[in-house]
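Undergrad: Got a predicted structure plus its sequence, pasted below:
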Amino acid sequence: MMKKNMFLISTVLAISLLFSFSIENKAIAAETIKIGAVLPLADITGKDASRSMQLAVKQINAAGGLLGRQVELVLVDDEGMPDKALAAIEKLVNTDKVDVIVGGVGNAVTMEIAPLLKRYQKITVWTGASSNKVDQALEGQNWFFHLHAWDYELGPYYERIWREIVQKYPAVKKKIIYVFYREDPLGSDIYNVSVPVAQANLNMLKGEAYQDAADFPALLKNVVKFNPNIFIWDGSEKDAAPILEAAKNYGFAPPVFLGKSVATWPADFGKQVGSEGVMFYSFWHESMKDRNKPCLEYIDAFGKEFKETPATYFGPLAYSNIMIVADAIKKAGSLEREVLISTLAATKYDSPLGDTIAFNRSLGVTHQAPIYPKLFQWQSGSVKIIWPWELATGKLIYPFPAQSFNPPPSLEEEEPLPPPPPAKTAAPKPKPAVKSTPKPAAAPVKSVAPVAKPKPTAPASKPAPKPTAVAPTPTPAPAPAPAPAPPPVAPAPKPAPAVPEAPAANMAGAWAVDVVTPQGPGHPYFDLKQQGNKLTGNYVGTFGESSVGGSV
């Protein structure tokens, strides 16, 4: 009886243990890997980004998830407002307990949440923000990974684009550049960081800020006088048609008419009269699907899921964001913090943006991706890729054809209206006077010819040397008088010894340098010490860290 009771108790215990293990395993299996995203969902950039992230997560889960678990995307709308973004980060970290934070679009939002991100130090892979202020705010944070290019990286990269274009198309001129930029922090920052790049490349650069499209007609009067090789307007989608219309009406047709920092373009812009030959920079355009397999696959999947095409480059950028995180988790085999950070740092991902994403150090951020703009051009109502050459789908149209543009204004038309009429009425009167003057002018010319004959006065110059020969005898007497004059001049050379006393150029200190190589732009950092003309110090950049030496 005792044995039977013991057997019964052990059986019940075994069953209960198995049952508890089963419940625990189901609970573990039910847990999801949470990725928290912060985006302005009502904005077109946020809409494209959120949809693309949802698409990526759906594809990952359909393929079995990660680490045997499903992936959950927790989306929070920051509405493009810094205070909303702060609340979003608090929610994702403390309430939703996310494993990784992704997303982000604007500079202002990212600057506001940077201190909070630094407090929690949650692994973050960020799509947006371009200001060097953000780069500085998150300097050295090894848990922060950034995808979008910084504003100070773009200037050298644009210079590289045009240098290669001029090599291929020698007729293209690029030295005189005029920029219209929106009067806001983003527009001002981008223009200000481009000024030293222009100076370094010996370009003439001038810029003017505008508040809205109503400013364009007045500003065009100034740009016409500057006569630029390249005209750039740096604005938003709503400015595209008005700036083209204003230029068409005014007759302003520069050799290059180019849009910059335009996240999207009006759907019918290519049908607008005068759009032929308009160029623009962008990180991505759907036309890249013809030359890039990851882009084609992304476009097809997005179209099937949402029945349309993403309008902005934040779509493929956000899609890449999720896929980079997923690949790292899969390769790391866990969510352990340090292991995941080192795996993310070793990322090499062929993205639908046409770039292979791999992280390097920027001036501030430890992990920065090299995603850079391409050059596109509107041709026959559609968009063609002009550069880089390996992605090109069309040849450059140059100069800007300016179809249906009004005739360009003459310089006289730029002057105030009152002066021109008198100039025109006065002009015919002097003309007869001019005709009468040439006749007397001929007479003096003839009279000058005989004057040349009295050159027998030349012998008079020969007697002159005789007095000069006599002059030497009286000259010694006055010679002592000028002699005292030199002494006051003598002190002048004394400043010369001051030259060796002046110190050599001081190169000591921290130097952040922008360089452009055939492989792309670089941003090395030097910390230099100087003794006399000798330099020593350290280098930090794409190639790691090293000691350096040289001389001034």
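TA: Everything's here; your move.
Undergrad: low pLDDT regions in the stretch 201-350 of the chain?
TA: Within the stretch 201-350 of the chain, the stretches with pLDDT under 70 are 261-262.
Undergrad: can you give me the strands in it?
TA: Along the stretch 201-350 of the chain, the stretches classed as strands by DSSP state E, counting those that start in this stretch are 204-210, 230-234, 256-260, 279-282, 349-350.
Undergrad: For those, could you give me JSON lines that also reports distance to V57?
TA: In this view, the C-beta of every residue, glycine as well, is placed from N, C-alpha and C. JSON lines is the format used below for the strands of the stretch 201-350 of the chain (distance: least, CB to CB, whole Å):
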{"stretch": "strand 204-210", "distance to V57": "41"}
{"stretch": "strand 230-234", "distance to V57": "34"}
{"stretch": "strand 256-260", "distance to V57": "33"}
{"stretch": "strand 279-282", "distance to V57": "26"}
{"stretch": "strand 349-350", "distance to V57": "16"}
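Undergrad: With mean neighbour count and distance to T32 added, can I get these in JSON lines?
TA: Output for those, formatted as JSON lines (neighbours: other CB atoms under 10 Å; distance: least, CB to CB, whole Å):
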{"stretch": "strand 204-210", "mean neighbour count": "17", "distance to T32": "48"}
{"stretch": "strand 230-234", "mean neighbour count": "24", "distance to T32": "42"}
{"stretch": "strand 256-260", "mean neighbour count": "23", "distance to T32": "41"}
{"stretch": "strand 279-282", "mean neighbour count": "22", "distance to T32": "35"}
{"stretch": "strand 349-350", "mean neighbour count": "15", "distance to T32": "23"}
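Undergrad: Nearest to K307, out of these?
TA: Closest to K307 of the strands of the stretch 201-350 of the chain is strand 279-282 (CB to CB; 23.2 Å).
Undergrad: Tell me the strands beside the closest one, with direction?
TA: As defined by DSSP bridges, the strand partners of strand 279-282 come to strand 256-260 (parallel), strand 374-379 (antiparallel).
Undergrad: Of the ones you listed, give the one that comes closest to L55.
TA: The closest of the strands paired with strand 279-282 to L55 is strand 374-379. By CB to CB, the value is 22.8 Å.
Undergrad: low-scoring stretches of the stretch 51-200 of the chain, by residue?
TA: 185-186.
Undergrad: Output stretch 305-322 as CSV, nothing but the C-alphas.
TA: Below are the C-alpha coordinates for stretch 305-322, written out as CSV (Å, rounded to 0.1, in the frame of the first residue of the first chain):
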residue,chain,number,x,y,z
GLU,A,305,1.2,45.4,-49.6
PHE,A,306,0.0,49.0,-49.9
LYS,A,307,-1.1,49.3,-53.6
GLU,A,308,1.2,52.3,-54.3
THR,A,309,4.9,53.3,-54.4
PRO,A,310,6.7,55.1,-51.5
ALA,A,311,7.1,58.8,-52.3
THR,A,312,10.2,59.5,-50.3
TYR,A,313,13.6,58.0,-49.6
PHE,A,314,12.6,57.5,-45.9
GLY,A,315,10.7,54.4,-47.1
PRO,A,316,13.7,52.3,-48.2
LEU,A,317,15.8,54.0,-45.4
ALA,A,318,13.4,52.8,-42.7
TYR,A,319,13.0,49.3,-44.4
SER,A,320,16.8,49.0,-44.3
ASN,A,321,16.7,50.1,-40.6
ILE,A,322,14.6,47.1,-39.6
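Undergrad: re earlier: so which of the strands paired with strand 279-282 gets nearest S410?
TA: strand 256-260 (20.6 Å).
Undergrad: returning to what we had before: tell me which of the strands paired with strand 279-282 lies nearest to Y398.
TA: strand 256-260 (7.3 Å).
Undergrad: Just checking the distance from the closest one to the centre of its chain.
TA: Its chain's C-alpha centre and that of strand 256-260 lie 14 Å apart, by CA atoms, centre = their mean, to the nearest Å.
Undergrad: How about stretch 226-240?
TA: Relative to the mean C-alpha coordinate of its chain, stretch 226-240 is positioned 15 Å out (CA atoms, centre = their mean).
Undergrad: that older thread, distance to G270 for the strands paired with strand 279-282 - can I get that in CSV?
TA: Shown next, in CSV, are these (distance: least, CB to CB, whole Å):
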stretch, distance to G270
strand 256-260, 13
strand 374-379, 5
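Undergrad: rewinding a little: so for N406, which of the strands of the stretch 201-350 of the chain sits nearest?
TA: Short answer: strand 256-260, nearest of those by CB to CB, at 14.7 Å.
Undergrad: returning to that earlier point: out of the strands of the stretch 201-350 of the chain, nearest to V125?
TA: Nearest of the strands of the stretch 201-350 of the chain (CB to CB): strand 349-350, 11.2 Å.
Undergrad: what packs against that closest one?
TA: Packing partners of strand 349-350 (3 or more CB pairs under 8 Å, 6 or more residues apart in numbering; DSSP states H and E): helix 314-332, strand 356-357.
Undergrad: Just name the most buried of the ones you listed.
TA: helix 314-332 (a mean of 24; mean count of other CB atoms under 10 Å).
Undergrad: and it, what does it pack onto?
TA: Applying 3+ CB pairs under 8 Å, 6+ apart, we find helix 314-332 packed against strand 33-39, helix 44-62, strand 100-103, strand 124-126, helix 293-306, helix 337-345, strand 349-350.
Undergrad: For stretch 184-202, report the contacting residues that lie outside it.
TA: Outside stretch 184-202, the residues that touch it by CB atoms under 8 Å, 6 or more residues apart in numbering are 107-108, 130-133, 151-152, 154-156, 158-159, 175, 177, 179, 181, 204-205, 207, 209, 234-235, 260-261, 514.
Undergrad: Please indicate which of the residues you listed are buried?
TA: The neighbour count (16 or more other CB atoms under 10 Å) marks 107-108, 130-133, 151-152, 154-156, 158-159, 177, 179, 181, 205, 207, 209, 234-235, 260-261, 514 as buried among these.
Undergrad: Return the subset of these lying in helices.
TA: Taking DSSP state H, the ones among the buried ones among the contacts of stretch 184-202 that sit in helices are 107-108, 132-133, 151-152, 154-156, 158-159.
Undergrad: and those, which two are the farthest apart?
TA: The farthest-apart pair in these, when distances are taken by CB to CB, is A108 and E159, at 27.8 Å.
Undergrad: The strands of the stretch 201-350 of the chain: which one's closest to A402?
TA: For the strands of the stretch 201-350 of the chain, the distance to A402 is smallest for strand 256-260, at 8.0 Å, taking CB to CB.
Undergrad: Put together JSON lines for the helices and strands packed on helix 314-332, with distance to A326 on each row.
TA: Below are those laid out as JSON lines (distance: least, CB to CB, whole Å):
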{"stretch": "strand 33-39", "distance to A326": "9"}
{"stretch": "helix 44-62", "distance to A326": "5"}
{"stretch": "strand 100-103", "distance to A326": "10"}
{"stretch": "strand 124-126", "distance to A326": "11"}
{"stretch": "helix 293-306", "distance to A326": "14"}
{"stretch": "helix 337-345", "distance to A326": "11"}
{"stretch": "strand 349-350", "distance to A326": "10"}
